[in-house]
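S.K.: Below is the sequence, then the predicted model.
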Amino acid sequence: MTRIRTILLVATALLLGVLLGGYLFSDSQPRSFLALNKCEGKCLQANELVGLMASVGIQRFSALAPSVIKETDKTIVLEHPSPHARVHYLVIPKKDIKNIGEFSDSDADYLIDAFKVVSEIIREKNLVDYQLITNGPGYQSATYLHFHLTAR
């Protein structure tokens, strides 16, 4: 009897895990499955895995994000955890876009909102000498489109 109960409990936990994973990753961009054998270039690299986790975190749990400066329904802005300038913010669209090269027409509203938010921050903080930078795939530590707003 105890063995059957254990098997049912494990099966239920597995099913709940699959359902929860399906829900969490439902809005993320399709990415290669983590095939550990016979990868042939199809396995996720570390930066792609970080980008996938960031996508889920930003879309599903943005209320838990630390050091939020500004947030809209399409964009979140955080203080950079390891700033490289006096002012260093991460501007992150709340849609899973891997990089600017994979931008599609359906992403336009998210990028327009991100630039609108950047403009608001520049005015609110009276920034004059600033940069807005995004990196391509070879330079991204997280494969998830984001912008660095830095200022002296």
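M.R.: All right, it came through fine.
S.K.: Every contact and neighbour count from this point should use C-alpha atoms.
M.R.: Will do.
S.K.: hang on, Val91 packs against Thr150?
M.R.: No. With contact defined as CA atoms under 8 Å, Val91 does not reach Thr150; the gap is 10.6 Å.
S.K.: In terms of neighbours, single out the busier of those two.
M.R.: Val91 (27 against 20; other CA atoms under 10 Å).
S.K.: from what I can see, the more buried one looks like it's in a helix, true?
M.R.: No. Counting by DSSP: H, G, I helix; E, B strand; the rest coil, Val91 is not found in a helix; it is strand.
S.K.: Output the lowest mean pLDDT helix or strand found in this protein.
M.R.: Lowest on mean pLDDT, DSSP states H and E among the helices and strands of the chain sits helix 46-60, with a mean of 61.
S.K.: Tell me the strands beside the helix or strand that it is followed by, with direction?
M.R.: Toward the C-terminus, helix 46-60 is succeeded by strand 68-71 as the next helix or strand (DSSP states H and E). Strand 68-71 sits in its sheet next to strand 75-79 (antiparallel), going by DSSP bridges.
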